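1. when you get a sec, could you give me coordinates for this:
(one chain, ligands or ions: 1)
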Amino acid sequence: MIDLHSHILPGIDDGSKDINETIEMARLAVSEGIKTIICTPHYIQYNEPYNKKQVELLIVETNERLISEGISLNLVAGHEIYMTPDLPKLVQDGEVATLNNSKYILIEFPMNDIPLYAEDVFYELRLMGLVPILAHPERYPMVMEDPNSLLKFLKLGVLCQANVGSIRGFFGERVQKTVIKLIEHNMIHFIATDAHGPKRRSPKIGGALEVIKQLDPQLAEQLFYENPLKVYQNEEINPPKPIEVIKKGFFASLFSRKQR
Ligand SMILES: [Fe+2]
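-> Predicted structure coming up:
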């Protein structure tokens, strides 16, 4: 399995604190069947982030350490880029890394709001031949409130990645319900760990994989394995058409509540 969202690199963001935690996370990932991790440290403009070159150098160093520890896990470069109007320029300047040098680029929104300029930035990135992947939409309050707020982005060719922790309920019941709803409505294209450490938010996929397998085994295969591999190999992904979420009317929701 390829994990396309992980904060396993040591000491550069709110993920792994040091090389010891990185090694612990790497061992856990291998035990979960993960063979490659696309390292996606946060890139927050004006917050002294590690740029593409620095991330690549740290990966060479960390891979060497993993080899010397006898851990067969391959780390490759990426970023989780905090949405900014300058994003297209950051790509052009070679400041930020796409996922394993592919056309796929991982982007996160601020937790409290979807920026008004997001649509323009996505549009510009698409014109540049890139495919934006929105990180964990199920965690954004505006998406929880109205899952259809993703439709305008999906229409532009944006893909979405959900977290294993959301499926397992680590971020609360509302996030958990939202992620299942998004998956059922073809609005999620990848599931990744978004691992931050060896204990809390660890690189485990078991549990979440079982839940999605029960929902639809073929879909589980696509979200956990096939689509992340396509990103890694820079291959085309043709997502199914998203299905609009129809909000239940007052009487319908009252009725379904009585049925429980
Ligand atoms: Fe992340």
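2. which ones are touching Lys103?
-> 129-131, 234 (Cβ atoms under 8 Å, 6 or more residues apart in numbering). Yep, even glycine has a C-beta here, placed from its N, CA and C like the rest.
3. could you redo the last one with a cut-off of 6 Å?
-> Lys103 is in contact with 129-131, counting by Cβ atoms under 6 Å, 6 or more residues apart in numbering.
4. let's see which of the residues you listed end up in strands.
-> Among these, the ones falling in strands (DSSP state E) are Val131.
5. is it possible to get a markdown table of the contacts of Lys103 that adds neighbour count and pLDDT?
-> Output for the contacts of Lys103, formatted as a markdown table (neighbours: other Cβ atoms under 10 Å; pLDDT from 0 to 100):
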| residue | neighbour count | pLDDT |
| --- | --- | --- |
| Gly129 | 7 | 98 |
| Leu130 | 20 | 98 |
| Val131 | 21 | 98 |
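6. out of the contacts of Lys103, which comes closest to Tyr46?
-> Leu130 (22.3 Å; Cβ to Cβ).
7. wait, Ala96 sits on Tyr43?
-> Let me fix one detail, which is that residue 96 is Val and not Ala. Yes - assessed by Cβ atoms under 6 Å, Val96 is found in contact with Tyr43 at 5.3 Å.
8. with neighbour numbers in mind, choose between those two.
-> Neighbour totals were compared for Val96 and Tyr43, and Tyr43 leads with 26 against 23 (other Cβ atoms under 10 Å).
9. state the mean pLDDT of the longest helix that the chain contains.
-> As assigned by DSSP state H, the longest helix anywhere in the chain is helix 52-68. Helix 52-68 shows a mean pLDDT of 98.
10. can you check stretch 147-164 too?
-> Mean predicted lDDT for stretch 147-164 stands at 98.
11. can you check stretch 13-25 too?
-> Averaging pLDDT along stretch 13-25 gives 97.
12. for this protein, name the helix or strand with the lowest mean pLDDT.
-> One helix or strand of the chain scores below all others by mean pLDDT, DSSP states H and E: helix 250-259, with a mean of 52.
13. name the helix or strand for Leu125, please.
-> Secondary-structure assignment from DSSP states H and E places Leu125 in helix 118-127.
14. I'd assumed Asn163 was in contact with His136.
-> Yes - contact criterion Cβ under 6 Å: His136 and Asn163 qualify, at 4.8 Å.
15. so what touches the helix holding Leu125?
-> Residues outside helix 118-127 that contact it (Cβ under 6 Å, 6+ apart): 83, 87-88, 132, 153, 156-158.
16. quickly note the distance from Leu99 to Thr40.
-> Applying Cβ to Cβ, to the nearest Å, the value for Leu99 to Thr40 is 7 Å.
17. now for those two: what residues contact both?
-> Shared contacts of Leu99 and Thr40 (Cβ under 6 Å, 6+ apart): Gly78.
18. which one of these two has more residues nearby?
-> For Leu99 and Thr40, the more surrounded residue by other Cβ under 10 Å is Thr40, and the numbers stand at 30 against 26.
19. I figured the more buried one hits Tyr82, correct?
-> No - the pair Thr40 / Tyr82 is not scored as a contact, 11.7 Å apart, by Cβ under 6 Å.
20. can you count the residues close to the closest residue in space to Ser72 that isn't next to it in sequence?
-> Leaving aside its chain neighbours, Ser72 sits nearest to Val30 (6.6 Å; criterion: Cβ to Cβ, 6 or more residues apart in numbering). Around Val30 there are 16 other residues, counting by other Cβ under 10 Å.
21. that concludes my questions; thank you for your assistance.
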